[in-house]
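K.L.:
pasting the sequence and the predicted model now:
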Amino acid sequence: MIPLRETETGVVFRIRVVPRASRREPVGIRDDTLKLRITAPPVEGKANRECVRMLAELLGVKKTQVAIISGHTSRTKTVAVEGVKAKEIAALIAVL
């Protein structure tokens with residue numbers, strides 16, 4: 001299980017992104033991060049936008065509720081999801 005930090009507005013956790021993958025899919029838990037494969041290249045924010053879109057789909061929230069708060073140019077990113085509780089995110093991630 002990845003460490004989830006609950007805040008006043010939602011939950012913060014880390015993801016690890018593999019850009020330019022052949023398929024867009026969640027890989028699972030690796031080194032205390034949720035690992036995601038995305039097809040977008042890491043150019044001009046395309047990979048970041050696809051990460052946000054994918055996380056919103058996986059977690060069943062709107063894209064506006066998902067934000068990358070650090071690691072914009074790194075493969076390891078910290079994301080915040082507003083309007084959810086840590087146990088909800090943990091349950092959704094456990095299914096992946």
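P.N.:
That came in fine, so what should we check first?

K.L.:
strands along this structure, start to end?
P.N.:
Ranges of strands within the chain are 5-6, 10-18, 25-30, 33-37, 66-70, 76-82, based on DSSP state E.

K.L.:
and V95, which of those strands is closest to it?
P.N.:
strand 25-30 (9.7 Å; C-beta to C-beta). All C-beta atoms are positioned from the backbone trio N, CA, C, and that covers glycine.

K.L.:
mind giving me the packing neighbours of that closest one?
P.N.:
strand 33-37 (3 or more C-beta pairs under 8 Å, 6 or more residues apart in numbering; DSSP states H and E).

K.L.:
need the residues that contact the worst-scoring helix or strand of the chain on mean pLDDT.
P.N.:
Least confident helix or strand, the chain: helix 86-95 with a mean of 90, by mean pLDDT, DSSP states H and E. Helix 86-95 is contacted by residues 1-2, 4-6, 11, 13, 29, 34, 58-60, 81 when judged by C-beta atoms under 8 Å, 6 or more residues apart in numbering.
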